[in-house]
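Peer 1: Below is the sequence, then the predicted model.
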Amino acid sequence: MVKTASSTVQPPPKPPRTSRSAAFVAAGILLSRIAGFARVRFFSHYFGLQSDAADAFNAAFRIPNFLQNLFGEGALSASFIPVYSALIARGERREADRVAGAVATLLWLIVAVIVLVGVVATPVLISLITNFSGAKRELTIQIVRILFPGAGLLVLSAWCLGVLNSHYKFLLSYTAPVLWNAAMIVTLLLYGGSDLPRLAIILAWGSVLGSALQLAVQVPTVFAVAPHLRVTLDIASEHVRTVVKNFLPALFSRGVVQLSAYIDTFIASFPQLGTGAVTGLTNAQLLYTLPVSLFGMSVSAAELPQMSGALGSSSEGAEIVRRRLDAGLRQIAFFVLPSAIAFLTLGDVIAAGLFQTGNFTRADSLYVWGILAGSSLGLLAATLGRLYSSTYYALRDTRTPLRYALLRVAISTVLGYVFAMHVPGWLNLDPMWGTAGLTLSSGFAGWVELALLRKKLNAQIGRTGLPVSFALKLTSFALASAAAGWLVKVALPESHPLLLALAVLAPYGLVYFGLAAAFRIPEMSRVTSRLKRR
């Protein structure tokens, strides 16, 4: 071991294979999403779709989540992980831990101020993102004020994720949200007999408790992998200043992405779209963000520290990044394309299987399917775009994703308003279907953003992208799988929605993976090889 004035140089940890890292991330996300679906199913059972309390809770939930998503995993990972991982890759562990401690301190101070201001300014925030009035507006304000401190805890949880990811400890951080979901489920079970407005308020307190549990479970492991970590306000370090410098563009970039979701919520809250539009949009988003998180986030999260480490320790870093990006794009498409086609063709079965219980009806499931179908058209673009953005972050470029995110939001806002408020009337449709226009316009804007991200990056590191022939093969496999699912759906007698979903989706998956294996798709071969080893 060699000591320098400011750091301890140690051999860097050997990075695991990307497929193994992504598998850990995906496993953690899958477990947390399963818990999330269970939470939403319980929520649907008690609140239904078309209730003021459901709309109020789901609208309120977005405001503190904005803080978590803005300061948390997105912006923090983009600015912190490249610097921290590069230090670890060079063996400068003490300096790396010093940077991590300083970033945690700055983050805590900023978030504490924002939480305080947010609680005081909640009525103003509500006016900016909803058109609610009367008792529905007052309930939303109460819920937001309760949720804000919990969101601050989730920001610190995202800092834990950044530290653990940089040490290739992926599973714990992505599994930790299971505790958050579990706390809310237990709250619903204990207090489900309450009237809906009171239940919504109690559930908000359950969410805060879950946030505390999610943070607490990660802290011991963080100190185990970063033993020199100290909470200190150190802004003199060049590395800390680099994190702060890169954080601001990443912060605005994530803010723009979150702004798009808030604009959709604002438009969905217009009275013309009817009660239930906000909740329907929330349920559809829970479904279509699953493959984005499960496959896009898993690959992006696994690649970011490894790309950053390669650039920090290798003279051939750019070529390594290009190869890793192309491999990651194929890996994402292999899972996301069939997900998108399943949402488009079998979304009614999926929505019914997850949500149709208690006060949530068959008509509600069909409504969610319509919103889900709109989002499925841009699902691949959104997921591939996440990996492209992570590549820019590894290159220490947080400004390019910001510029293109701004353009995407502008396009989706203009198209979203037209599609939601005017197109249903032009087509003589029920105004409620304008909510599907919001997701359709976001999908189109996502393809524009992806094209721009790819074009500029290709000029920097060489040609990248998903081969068209590969995408066409996967699409044909997924369409054949959808046909098999439809045959099962038509042939089966009416049964419980959950059983029907399992009966339809099982042959869908078997046909898709069977065709991929028969045509020797490399990504399928890697999956089967890992299964055989286990």
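Peer 2: Cool, the structure landed. Residues are numbered from 1 along each chain as shown.
Peer 1: Spatially central residue in this structure, please.
Peer 2: residue 293 (4.7 Å; Cα atoms, centre = their mean).
Peer 1: Got the domain ranges for this protein?
Peer 2: 18-43+52-466, 467-529 (automatic domain parsing).
Peer 1: Between the ones you listed, which shows the greatest average number of neighbours?
Peer 2: For the domains of the chain, average neighbour numbers computed from mean count of other Cβ atoms under 10 Å are highest in domain 18-43+52-466, which has a mean of 21. The C-beta positions use only the backbone N, C-alpha and C, and glycine is treated the same way.
Peer 1: same question for that domain, mean pLDDT?
Peer 2: Averaged across domain 18-43+52-466, pLDDT comes to 85.
Peer 1: Quick one: distance of it to the chain centre.
Peer 2: Chain-centre distance of domain 18-43+52-466: 3 Å, with Cα atoms, centre = their mean, to the nearest Å.
Peer 1: Please determine how far residue 444 is located from residue 378.
Peer 2: 6 Å (Cβ to Cβ, to the nearest Å).
Peer 1: wait, residue 336
Peer 2: 11 Å.
Peer 1: do the same with residue 508
Peer 2: Residue 508 is 21 Å from residue 378, by Cβ to Cβ.
Peer 1: host element of residue 169?
Peer 2: Using DSSP states H and E, residue 169 maps to neither a helix nor a strand.
Peer 1: was I right about it contacting residue 224?
Peer 2: No: contact criterion Cβ atoms under 8 Å: residue 169 and residue 224 do not qualify, at 9.1 Å.
Peer 1: Tell me which stretches of the stretch 251-400 of the chain form helices.
Peer 2: 277-291, 298-313, 317-355, 362-376, 379-394, 399-421 (DSSP state H, counting those that start in this stretch).
Peer 1: For residue 367, list the residues it contacts.
Peer 2: 49, 276, 280, 432, 435 (Cβ atoms under 8 Å, 6 or more residues apart in numbering).
Peer 1: Dump those residues into a markdown table; add distance to residue 300 as well.
Peer 2: Output for the contacts of residue 367, formatted as a markdown table (distance: Cβ to Cβ, whole Å):
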| residue | distance to residue 300 |
| --- | --- |
| 49 | 32 |
| 276 | 33 |
| 280 | 28 |
| 432 | 35 |
| 435 | 28 |
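Peer 1: What is the nearest of the residues you listed to residue 369?
Peer 2: Comparing the contacts of residue 367 against residue 369 with Cβ to Cβ places residue 280 closest, at 9.9 Å.
Peer 1: Could you report the distance from that closest one to residue 376?
Peer 2: Separation of residue 280 from residue 376 (Cβ to Cβ) stands at 15 Å.
Peer 1: Please apply the same query to residue 367.
Peer 2: Residue 367 is 15 Å from residue 376, by Cβ to Cβ.
Peer 1: and what of residue 105?
Peer 2: Relative to residue 376, and taking Cβ to Cβ, residue 105 is found at 43 Å.
Peer 1: How about residue 413?
Peer 2: Residue 413 is 20 Å from residue 376, by Cβ to Cβ.
Peer 1: what do you get for residue 490?
Peer 2: 21 Å.
Peer 1: swap in residue 63?
Peer 2: Residue 63 is 27 Å from residue 376, by Cβ to Cβ.
Peer 1: ditto for residue 437
Peer 2: 14 Å.
Peer 1: ok, back up a step: which of the contacts of residue 367 lies closest to residue 497?
Peer 2: residue 49 (14.3 Å).
Peer 1: so the closest one touches residue 277, yeah?
Peer 2: No: taking contacts as Cβ under 8 Å, residue 49 lies outside contact range of residue 277: 9.6 Å.
Peer 1: For my notes, confirm residue 50 occurs in a strand.
Peer 2: No: counting by DSSP: H, G, I helix; E, B strand; the rest coil, residue 50 is not part of a strand but coil.
Peer 1: Spit out the contact partners of it.
Peer 2: By Cβ under 8 Å, 6+ apart, the neighbours of residue 50 are 274, 275, 276, 279, 364.
Peer 1: Would you tell me which one of these comes nearest to residue 90?
Peer 2: residue 279 (49.3 Å).
Peer 1: Any idea how far apart the tips of stretch 217-230 sit?
Peer 2: End-to-end distance of stretch 217-230 (Cα to Cα, to the nearest Å): 19 Å.
Peer 1: Nearest spatial neighbour of the residue nearest to the centre of the chain, chain-adjacent residues omitted?
Peer 2: Leaving aside its sequence neighbours, residue 293 sits nearest to residue 29 (Cβ to Cβ, 6 or more residues apart in numbering; 5.1 Å).
Peer 1: go on, residue 369?
Peer 2: residue 347 (3.8 Å).
Peer 1: Thought residue 372 was touching that neighbour, still the case?
Peer 2: Yes: the pair residue 347 / residue 372 is scored as a contact, 4.3 Å apart, by Cβ under 8 Å.
Peer 1: Now do the shared contacts for these two.
Peer 2: Joint contacts of residue 347 and residue 372 (Cβ under 8 Å, 6+ apart) are residue 287.
Peer 1: Now residue 527. Nearest residue, chain neighbours left out?
Peer 2: Nearest one to residue 527, counting by Cβ to Cβ, 6+ apart, is residue 513 at 7.9 Å.
Peer 1: This completes my enquiry, with thanks.
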